[in-house]
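Asks: any chance you could fold what I've pasted below:
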Amino acid sequence: MSPRTEKQIEKLKQKKEKLILESALLLFSEKGYGNTSMQSIAIRSKVSKGNLYNYFEGKEDLLEGVLMYGLNQFAEYFNEFSTELFTEKEFEIAIRGNFEMIQSNKKFWKLYYNLFAQPEVQDLFTKIFTPFFEQYIAIFEMYYKNKGDNDPKATALLLGSALDGVSLGYLLMGDTYPLNNVINQLIEKFK
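Replies: Numbers count the residues shown, from 1 in each chain. Okay, here's the model as predicted:
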């Protein structure tokens with residue numbers, strides 16, 4: 001058997017890092033950040049605790065990785081809109097896409113909303129979340145500006161708050177929440 005190439009080693013390393021991130025996401029979302037140990041993440045990831053530190057300096061660094069992993073997936077979806085939504089149809093696609101992302105990764109979004117209330121990670125959460133939030137709101141602000149809205153930033157922020165509220169309601173109530181009906185009304189009121 002020939003030795004692995006650098007490319008193969010890098011691919012294995014990326015696969016292991018993804019497994020660690022997904023394990024941490026699962027444990028952070030089920031047990032909470034404060035109640036999850038690096039040892040439990042190592043066990044879930046099937047790596048030694050020492051090896052875990054080859055990937056992440058500590059639990060806060062790992063949480064940052066989990067947040068970036070989830071937010072980057074969300075940002076990739078919105079990158080297709082560049083910085084502008086031009087039509088009401090694009091607006092509708094963006095709003096529906098927002099909820100498709102939440103439905104496809106409920107554990108991440110439960111963790112995301114849970115972190116708002118955890119003082120020990122508030123600074124980290126704010127550092128990671130703020131640039132993402134500003135970019136996301138800017139897309140809708142430009143949409144409302146192009147529509148001639150009197151205060152496009154305020155309208156975009158109001159939409160963001162409505163999206164958060166609907167998302168949180170859906171995550172708390174699960175399938176009993178009338179998500180499609182609420183999305184339809186949200187689109188109608190904000191387009």
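
Asks: any idea whether Arg4 is helix, strand or coil?
Replies: Under DSSP: H, G, I helix; E, B strand; the rest coil, the three-state class of Arg4 is coil.

Asks: give me the nearest residue to it, chain neighbours excluded.
Replies: Spatial nearest neighbour of Arg4, excluding adjacent residues (C-beta to C-beta, 6 or more residues apart in numbering): Leu12 at 7.5 Å. Where C-beta positions appear, they are placed from N, C-alpha and C, glycine not excepted.

Asks: the helix or strand encompassing the one you found packs against which elements?
Replies: In this assignment (DSSP states H and E), Leu12 forms part of helix 6-31. Here helix 6-31 touches helix 38-45, helix 49-55, helix 59-79, helix 106-115, going by 3 or more C-beta pairs under 8 Å, 6 or more residues apart in numbering; DSSP states H and E.

Asks: so what's Ala156 up against?
Replies: Residues near Ala156 by C-beta atoms under 8 Å, 6 or more residues apart in numbering: Ile137, Ala138, Phe140, Glu141, Tyr143, Tyr144.

Asks: the helix or strand Leu158 falls within vs helix 106-115, what angle?
Replies: For Leu158, the host element (DSSP H and E) is helix 152-173. Angle, helix 152-173 to helix 106-115, by axes from the mean of the first three to the mean of the last three C-alpha atoms, to 10 degrees: 110 degrees.

Asks: run the chain-centre distance for helix 152-173.
Replies: 14 Å (C-alpha atoms, centre = their mean, to the nearest Å).

Asks: which of the residues in it are buried?
Replies: By neighbour count with 16 or more other C-beta atoms under 10 Å, helix 152-173 contains the buried residues Pro152, Thr155, Ala156, Leu159, Ala162, Leu163, Val166, Ser167, Leu168, Tyr170, Leu171.

Asks: can you check stretch 61-72 too?
Replies: Leu62, Leu63, Glu64, Gly65, Val66, Leu67, Tyr69, Gly70, Leu71.

Asks: Ile102: which element?
Replies: Taking DSSP H and E as the definition, Ile102 sits inside helix 88-104.

Asks: list the buried residues for that helix?
Replies: By neighbour count with 16+ other C-beta under 10 Å, helix 88-104 contains the buried residues Phe91, Glu92, Ile93, Ala94, Ile95, Asn98, Phe99, Met101, Ile102.

Asks: what is it packed up against?
Replies: Checking 3+ C-beta pairs under 8 Å, 6+ apart, helix 88-104 ends up next to helix 59-79, helix 122-146, helix 152-173, helix 179-190.

Asks: for Phe28, which of those is the nearest?
Replies: helix 59-79 (6.4 Å; C-beta to C-beta).

Asks: and that closest one, how far out from the chain middle?
Replies: 6 Å.

Asks: test my guess that Ile187 contacts Ile93.
Replies: No - counting by C-beta atoms under 8 Å, Ile187 stays clear of Ile93, with 10.0 Å between them.
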